[in-house]
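Participant: With the input below, show me the fold.
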Amino acid sequence: MSQANAVSSSWGGYEEAASHLGRAVVAYATAFLLWIFFLAVFLPAAAVPLSEPVLPIIALVFTTGIAVEVYWGTVNLIDFLDLSRLSRVARFLLLEFTVLLDSLLLTPPLYAISPAVGGAYLIVALVIAVLILLTHSDVVVELAFKLVAKSEERKPTNPD
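Facilitator: Residues are numbered from 1 along each chain as shown. Got it, this is the predicted structure:
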């Protein structure tokens, strides 16, 4: 048995899911690096009073780059969720994390373009996060009951 076949059989058909997860991680890492570079280098450099439209133009360029990477990261992460056999709680938490990560990466450059655009995007992202919470309320309740049960197990019993 070749090494490739041994790896393939040990994964049990998860190669495509792992591939999507890997692509999502690379896309989010690229978006995060662009985001850090924008916040640490270009945002302070654009604050130098050369001319007024410099900051929105630079922010638009970085927003486009970050948005493309966030889009592909989100698409690959959703494909990973569709192909993987994660529990309902893990799927919900990963989906909620994706929405929050997307909003974290896109809000600062959108706010640099215009505070109104950044604020509107933040409101839309929060509404989407709340809608995900509401549509998965059974998972939230199940997770809450599990956490309460675990905390009850850890409490020492009083012999008195």
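
Participant: What helices and strands are in contact with the helix or strand containing residue 144?
Facilitator: Using DSSP states H and E, residue 144 sits within helix 137-154. Using 3 or more Cβ pairs under 8 Å, 6 or more residues apart in numbering; DSSP states H and E, the elements in contact with helix 137-154 are helix 88-113. For glycine as for every other residue, the C-beta is placed from the backbone atoms N, C-alpha and C.

Participant: Other residues contacting the helix holding residue 144?
Facilitator: Contacts to helix 137-154, defined as Cβ atoms under 8 Å, 6 or more residues apart in numbering, come from residues 88, 89, 92, 133.

Participant: Alpha carbons only: can I get that helix in CSV?
Facilitator: What follows is helix 137-154, C-alpha atoms only, in CSV (Å, rounded to 0.1, in the frame of the first residue of the first chain):
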residue,chain,number,x,y,z
SER,A,137,-31.6,28.9,19.5
ASP,A,138,-32.0,25.1,20.2
VAL,A,139,-28.3,24.7,19.9
VAL,A,140,-27.7,27.7,22.2
VAL,A,141,-30.1,26.2,24.8
GLU,A,142,-28.4,22.8,24.5
LEU,A,143,-25.0,24.4,25.0
ALA,A,144,-26.3,26.4,28.0
PHE,A,145,-27.7,23.2,29.6
LYS,A,146,-24.4,21.4,29.1
LEU,A,147,-22.5,24.2,30.7
VAL,A,148,-24.8,24.3,33.7
ALA,A,149,-24.6,20.6,34.1
LYS,A,150,-20.8,20.7,34.0
SER,A,151,-20.7,23.5,36.6
GLU,A,152,-23.1,21.5,38.9
GLU,A,153,-20.8,18.5,38.6
ARG,A,154,-17.8,20.5,39.7
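
Participant: Let me see the mean pLDDT of that helix.
Facilitator: The pLDDT scores in helix 137-154 average 81.

Participant: try stretch 55-74
Facilitator: pLDDT averaged over stretch 55-74 gives 90.
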